[in-house]
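Colleague: Dropping the sequence and predicted coords here.
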Amino acid sequence: MRDLVERLRDEDARLDELTAGDRSVAVVLSLSFRALAPGIRLAFQTLGLHPARDFDVHSAAALLGTGPRQAETVLEQLVDAHLLQPHDCGFYAFHDLVRSFARRTAGAPDGMAPDERHAALRRLVGYYCVATDQACEVLFPGRVPLPAGPWEGTDARTPALLNCDRALAWFDQEHYALLETVVAGHRLGAHPQTVHLARNTSFYLNLRGNFEDFHRMGTLALASARVLADPKGLRISLSNLAVADWKLGRFGEGIRMAQEGLEIARRIGDPAGEGFCLDLLGLLHSALGHLAQARRNLEQGIRLHRSTGYDRQLAEALSNLSTVQSWQGCHEEAAASAEEAIRLNRKLDIPEHEAVAYTDLAVARMGLDDPAGALDCLRRARELLDGTRMPENVALVLALSAAVRQRCGDGERARQDAERALSLVGCKATVLRQAAVENIVGRFHHHRGEHRRARELHERACERALSIEYRMEAARALHGMAEAEEALGDPVRAARRRRQAEELFTLMGLTPDGTRRAEPGGSVPHQPGPLVAGDHPVAGAAAGGVRGETVADGERRGEEETGESERQGGEPDHGVPS
């Protein structure tokens, strides 16, 4: 029996295993299948091609090439024949064995012709292109839509996705189907549809923090775009894959993608795409500690966004620039950049991005020695964030709130914020965000005199940051480890960690205390300031995707100064795919 169970894990093998003697489920299914009217038989085979385990009336209608009402009639007949199971919310599902049987009969010599199977799948891909267009329009306002081509299935009826809750619930339900439909489209050679659908799906994946799936979609989209030799689609696919690389900590690969995208944008005269790629390069270079290069890229991108009137991307770039400016100790400039980003996001009605900009402003306020102003910014960010969508953003705000409240003497609320921040990044967060939050909370524990706990968190952050060459967080972690070791009575280890931190700060053009070095032949026109970690997400309302985050570190115990320079700063992050 154990051997049989092992073999049955392979869906296609199950039917063969259960065909012997009295176990012949295939015989029972065959009898039920032959009892169907010819048209319903064909529908049964066609529905078996659906890549998802369950599906609704609308996607079934697209596969069948009918309207939703006709599809519902067919589905109910299959339910009556015990070949299909009804689920909640108007969804239906095949048992795995029944689906395997449907696919096998569809591919049999007397089943569906290859052209029929391919046409049905193309209709499904086209349907999902249109449906995701509608969902993205609701969830990600301001995104630049790509027009759907005259593809099969684009005239299919779609569900009414009239508000964010409905659109997000639809994406959640269709998540698996969308991933597998992109794969099917690429295999079919439906390359324009693959690029289109992968892009739309990436906005949602970025919002939900499913970055491995985001990267998988980006890889398929790029492969299809290269087949098409479509420069615009290629530029978009390269940019989106670079966003996924950023979220996964693959900075070098992301730079390669963004640089190729930048060259294409300049070649075809696409200033909006050029600006987006410059933003990405700034984001990726900042993660590697190339702060001067990052700032140049971001400022170039901002000039392009102002000239093209692309306010959504301008707001994103300003948030990212604010982070780099804080890292360099330019807190007044950082505050100005964040304030402009707040105004733009409020005008565009993108609360998630507005929250990120408020987080950036909080970091700048801390650098300007304004903890009350920083706490007010963090309160506003909390009010704007929906923790169920991007909990790692909430974690960053909570970690920063803990640092600021500790400085203001509100120790109990600070402790609660710190604990919740760690719980939110414990399971589903990027390595970048985990390292940032662990560093901030590590410093929080250091100032409470809990040095072993501080060392533990900084060591964890250091390991994460070094694994992806994330220099800023690695330097902050090493600095925190040095302080903890010294407090625990090990000056030798503390000195070694401090030297390692100083080496990284020097590579980033910062002084050993984390402030900006004077440029050759001149001086830094700002008072040196503190820095710490942060990170922005990708995404848009969804885009996600993808938004920005920042981190500030440095606190007081009650009203007493700790005597150390605060270390504040943020971490840029792209809010949404291209």
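Modeller: Perfect, thanks for sending it. Predicted model only: the values in this text are computed from it and were never measured. Numbering: from 1, shown residues only.

Colleague: Retrieve the pLDDT associated with the residue positioned nearest the centre of the chain.
Modeller: Residue closest to the average C-alpha location in the chain (C-alpha atoms, centre = their mean): Asn206, at 2.6 Å. Per-residue confidence at Asn206 stands at 91 (pLDDT).

Colleague: what about Gly249, is that helix, strand or coil?
Modeller: Following DSSP: H, G, I helix; E, B strand; the rest coil, Gly249 is assigned to coil.

Colleague: err, Leu161, not the other one
Modeller: Leu161 falls in the coil class when you classify it by three-state DSSP.

Colleague: tell me the phi and psi of it?
Modeller: When read as degrees, to the nearest 10, the backbone of Leu161 gives phi -110, psi 80.

Colleague: give me every residue that touches it.
Modeller: Counting by C-beta atoms under 8 Å, 6 or more residues apart in numbering, Leu161 touches Ala131, Gln134, Ala135, Val138, Ala167, Trp170. In short, each C-beta sits where N, CA and C put it, glycine included.

Colleague: Return the distance of the strand or helix carrying the third one from the chain's centre.
Modeller: Put plainly, it is Ala135. Using DSSP states H and E, Ala135 falls within helix 114-139. Helix 114-139 sits 23 Å away from the centroid of its parent chain (C-alpha atoms, centre = their mean, to the nearest Å).

Colleague: For that helix, list every residue counted as buried.
Modeller: Neighbour counts using 16 or more other C-beta atoms under 10 Å place 116-136, 138-139 of helix 114-139 among the buried residues.

Colleague: What is the neighbour count of Leu375?
Modeller: Counted by other C-beta atoms under 10 Å, the residues lying close to Leu375 total 20.

Colleague: From Ala418, how far out is it?
Modeller: 15 Å (C-beta to C-beta, to the nearest Å).

Colleague: just to revisit the earlier point, which two among the contacts of Leu161 are spaced furthest apart?
Modeller: Largest separation among the contacts of Leu161 by C-beta to C-beta: Ala131 and Val138, giving 11.4 Å.

Colleague: circling back to that earlier point, wait, the residue nearest to the centre of the chain sits on Thr430?
Modeller: No. Counting by C-beta atoms under 8 Å, Asn206 does not reach Thr430; the two are 10.9 Å apart.

Colleague: how about low-confidence regions in the stretch 301-450 of the chain?
Modeller: Applying pLDDT under 70 to the stretch 301-450 of the chain flags residues 387-388, 427-428.

Colleague: one more time with 90, if that's ok
Modeller: The stretch 301-450 of the chain contains residues with pLDDT under 90 at 349-350, 352, 385-393, 426-430.

Colleague: Then the stretch 51-200 of the chain?
Modeller: The low-confidence ranges in the stretch 51-200 of the chain, as defined by pLDDT under 90, are 52-53, 82, 87-90, 95-101, 104-111, 140-156, 162.

Colleague: All the strands of it, residue numbers only.
Modeller: Using DSSP state E, counting those that start in this stretch, the strands of the stretch 51-200 of the chain run over 54-56, 85-86, 91-93.

Colleague: Quick one: neighbours of Ala229, just the number.
Modeller: By other C-beta under 10 Å, 8 other residues sit near Ala229.

Colleague: Of the strands of the stretch 51-200 of the chain, flag the one that's most buried.
Modeller: strand 54-56 (a mean of 22; mean count of other C-beta atoms under 10 Å).

Colleague: contacts for it?
Modeller: So strand 54-56 is in contact with Leu47, His87, Cys89, Gly90, Phe91, Tyr92, Ala93, Pro159, Gln173, Ala177, going by C-beta under 8 Å, 6+ apart.

Colleague: ok, of the residues you listed, which come out buried?
Modeller: Leu47, Phe91, Tyr92, Ala93, Pro159, Gln173, Ala177.

Colleague: What sits closest to the second one if chain neighbours are left out?
Modeller: The reference is to Phe91. Asp54 (4.7 Å; C-beta to C-beta, 6 or more residues apart in numbering).

Colleague: cool, and the fifth one?
Modeller: Counting by C-beta to C-beta, 6+ apart, Pro159 lies nearest to His58, which is 5.4 Å off, once chain neighbours are set aside.

Colleague: give me the number of residues near the one you found?
Modeller: His58, neighbours per other C-beta under 10 Å, totals 21.

Colleague: That one: what's it in contact with?
Modeller: Counted by C-beta under 8 Å, 6+ apart, His58 has contacts Pro68, Ala71, Tyr127, Ala131, Ala156, Arg157, Thr158, Pro159.

Colleague: Adding distance to Leu504, write the residues you listed out as CSV.
Modeller: Listed next are the contacts of His58 as CSV, based on distance: C-beta to C-beta, whole Å:
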residue, distance to Leu504
Pro68, 59
Ala71, 60
Tyr127, 51
Ala131, 47
Ala156, 54
Arg157, 57
Thr158, 51
Pro159, 51
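
Colleague: and which of these is nearest to Gln313?
Modeller: For the contacts of His58, the nearest to Gln313 is Ala131 (25.5 Å; C-beta to C-beta).

Colleague: got the phi/psi numbers for the closest residue to that closest one other than its chain neighbours?
Modeller: The spatially closest residue to Ala131, leaving aside those adjacent along the chain, is Thr158, at 4.5 Å (C-beta to C-beta, 6+ apart). Thr158 adopts backbone torsions of phi -110, psi 160, taken as degrees, to the nearest 10.

Colleague: i'd like the first residue to be 9 from this point on
Modeller: Taking 9 as the first residue, the last one we looked at is Thr166.

Colleague: ok, Thr166 to His293 distance?
Modeller: Distance, Thr166 to His293, by C-beta to C-beta: 41 Å.

Colleague: same check, this time on Arg479
Modeller: Applying C-beta to C-beta, the value for Arg479 to His293 is 11 Å.

Colleague: Same check on Leu322?
Modeller: Computed as C-beta to C-beta, the Leu322 to His293 distance reads 19 Å.

Colleague: again, but for Asp141
Modeller: Computed as C-beta to C-beta, the Asp141 to His293 distance reads 33 Å.

Colleague: and if you look at Thr316?
Modeller: Distance of Thr316 to His293, computed by C-beta to C-beta: 22 Å.

Colleague: I'd guessed Ala349 sits against Asn328; true?
Modeller: No. Counting by C-beta under 8 Å, Ala349 stays clear of Asn328, with 9.1 Å between them.

Colleague: re the thing from before, quick check: the two most widely separated of the contacts of His66?
Modeller: Farthest apart among the contacts of His66 - using C-beta to C-beta - are Ala79 and Ala139, which lie 14.7 Å from each other.

Colleague: chain center to stretch 92-101, what's the gap?
Modeller: So, by C-alpha atoms, centre = their mean, the centroid of stretch 92-101 is 30 Å from its chain's centroid.

Colleague: Could you do stretch 439-457 as well?
Modeller: With C-alpha atoms, centre = their mean as the basis, stretch 439-457 stands 22 Å off its chain's centre.

Colleague: before we move on, back to that, compare the strands of the stretch 59-208 of the chain and give me the one nearest Ala233.
Modeller: For Ala233, the closest of the strands of the stretch 59-208 of the chain is strand 62-64, at 27.8 Å, according to C-beta to C-beta.

Colleague: related to what we said a few turns ago, which strands or helices does the helix or strand where the residue nearest to the centre of the chain lies pack on?
Modeller: Using DSSP H and E, Asn214 sits in helix 199-216. Helices and strands touching helix 199-216, by 3 or more C-beta pairs under 8 Å, 6 or more residues apart in numbering; DSSP states H and E, are helix 122-147, helix 172-196, helix 219-236, helix 239-255.
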